[in-house]
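S.K.: kindly return the folded structure for what I paste below:
(one chain, ligands or ions: 3)
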Amino acid sequence: QLVLGIESSCDETAAAVVADGRDVLSNVVFSQAAEHAKFGGVVPEVAGRIHLDSIAPAIQQALDGAGIGLADLSAVAVTARPGLIGSLLVGLSAAKAISWTRGLPLVAVDHIEAHVYAATMESQADVRFPCIALVVSGGHTALYSVGSPRRMERIATTLDDAAGEAFDKVAWMLGLPYPGGPAISKLAESGNPEAIRFPRYTPKTPPGGSGGPRPIGFSFSGLKTAVLYHIRGGDALNPTPAPEAIEDRADIAASFEEAVADTLVTQTLRAAEQAGIDQVLVAGGVACNRRLRALMASRAEKKGIRSFFPSPAYCTDNAVMIAGLGWQHFHAGDVADLHLDAAPR
Ligand code: ATP
Ligand code: MG
Ligand code: FE
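M.R.: Ligands and ions are numbered 1, 2, ... in the order given. Down below sits the predicted model:
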């Protein structure tokens with residue numbers, strides 16, 4: 001059964017054709033990153049307008065790439081939440097038009113659940129449920145208890161920034177382009193991750209609450225501020241220097257990346273151990289990060305926990321994950337109708 005997936009929740013316009021929730025026939029991603037780079041982040045109005053121009057070509061390319069036509073599809077799946085409302089509506093309208101004109105079932109997909117599905121898609125034979133999933137993306141940093149591809153429950157989240165957002169903001173401070181994750185990671189290769197000991201957030205045990213399980217959660221605003229103060233020469237009252245005047249940019253990048261990876265791995269493995277679960281999935285754009293992948297793999301292995309990551313192309317936004325999870329919903333009879341609405345969160 002062939003499913004067309006459509007994704008337009010943020011700044012990627014994507015379409016893909018996937019067979020039976022697993023076999024990728026085509027994967028088209030038009031990134032708008034270059035258009036948003038001059039603003040240092042995604043501008044919602046700009047994103048919506050570019051999606052409008054890109055959505056039909058993306059869908060056509062996905063069908064052509066798969067060597068099929070609309071008549072060959074079993075269903076059309078689309079990201080319905082969460083995301084920028086104006087962006088979501090572009091993909092949703094396209095999906096509804098195809099569904100209505102072709103009489104095809106319309107399937108609503110949650111973008112975050114789809115990121116998690118991406119981590120299981122390539123290793124379906126190995127992944128066992130329940131497992132713990134860490135979603136680390138531009139807008140989310142949270143842990144989930146995953147009962148099945150279609151059932152997941154959030155068990156912890158960030159108090160403030162998402163990890164990807166922290167990468168993007170620190171990149172901005174260092175004069176690196178948006179998206180910040182890949183740029184920081186590249187600069188970090190020539191830096192020393194132990195040069196600066198940036199803070200690692202740990203949630204506080206509530207007063208009198210000792211004895212129970214340790215609380216789990218994330219926060220990145222303190223780390224971000226620590227980087228800013230370091231750049232100011234250790235005195236918060238100093239002015240912020242221009243990026244080219246910062247001497248230890250590579251060490252800052254490497255030490256920041258290390259702090260983020262350490263925090264993510266510690267909290268994720270704690271959640272798995274507390275739940276008595278020996279499999280963790282890592283998904284979302286930050287799951288591309290090589291240091292995170294290496295640190296998670298080695299520390300998990302020491303605890304007898306298996307870790308799974310999607311291929312980098314399926315970590316960042318794509319429509320393969322939408323078509324994949326869409327097929328799971330379709331297969332279970334979970335289809336939407338033309339009243340389907342987009343939900344920003
Ligand atoms: P959400 O999924 O929460 O709605 P989003 O769709 O914008 O947000 P993704 O596309 O999943 O997010 O991920 C984008 C984020 O991933 C950006 O913040 C980017 O900096 C980060 N990122 C991408 N590659 C890397 C990398 N190699 N290292 C660290 N971060 C990375
Ligand atoms: Mg993006
Ligand atoms: Fe995403």
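S.K.: tell me where this protein has helices.
M.R.: 33-37, 44-66, 85-102, 111-121, 163-173, 180-188, 221-231, 249-275, 290-302, 320-331 (DSSP state H).
S.K.: out of the ones you listed, nearest to ligand 3?
M.R.: When the helices of the chain are compared by C-beta to the ion, helix 111-121 sits nearest ligand 3, at 5.7 Å. C-beta: built from backbone N, CA, C; applies to glycine.
S.K.: touching ligand 2 at all, that closest one?
M.R.: No - in terms of C-beta under 5 Å from the ion, no part of helix 111-121 sits within range of ligand 2; the closest distance is 10.8 Å.
S.K.: likewise for stretch 42-51?
M.R.: No - applying C-beta under 5 Å from the ion, one finds that stretch 42-51 is not in contact with ligand 2, the shortest distance being 7.1 Å.
S.K.: hmm, who's touching that stretch?
M.R.: 8, 10-11, 13, 32, 35-36, 39, 84, 86-87, 89-91 (C-beta atoms under 8 Å, 6 or more residues apart in numbering).
S.K.: quick one: that stretch near ligand 1?
M.R.: No - applying C-beta under 6 Å from any ligand atom, one finds stretch 42-51 separated from ligand 1 by no less than 7.1 Å.
S.K.: what sits against Ala313?
M.R.: Asn27 are the contacts of Ala313 under C-beta under 8 Å, 6+ apart.
S.K.: who in the stretch 51-200 of the chain is up against ligand 3?
M.R.: Ser137.
S.K.: neighbours of the residue lying closest to Leu143 once chain neighbours are set aside, how many?
M.R.: Leaving aside its sequence neighbours, Leu143 sits nearest to Ala156 (C-beta to C-beta, 6 or more residues apart in numbering; 4.4 Å). By other C-beta atoms under 10 Å, 20 other residues sit near Ala156.
S.K.: find the residue closest to the residue in the stretch 1-150 of the chain that ligand 3 sits nearest to in space, skipping its chain neighbours.
M.R.: The stretch 1-150 of the chain approaches ligand 3 most closely through Ser137 (4.5 Å), counting by C-beta to the ion. Distances taken as C-beta to C-beta, 6+ apart put Gly284 closest to Ser137, at 3.3 Å, once the chain neighbours are dropped.
S.K.: hang on, the one you found packs against Leu143?
M.R.: No - Gly284 lies out of contact with Leu143 (C-beta atoms under 8 Å); the separation is 11.9 Å.
S.K.: for the spatially closest residue to Glu301 that is not a sequence neighbour, give its distance to Ala261.
M.R.: In space, and not counting its chain neighbours, Glu301 is closest to Ser307: 7.9 Å by C-beta to C-beta, 6+ apart. Per C-beta to C-beta, to the nearest Å, Ser307 is found 13 Å from Ala261.
S.K.: which neighbours do the two share?
M.R.: Common neighbours of Ser307 and Ala261 (C-beta under 8 Å, 6+ apart) are Met296.
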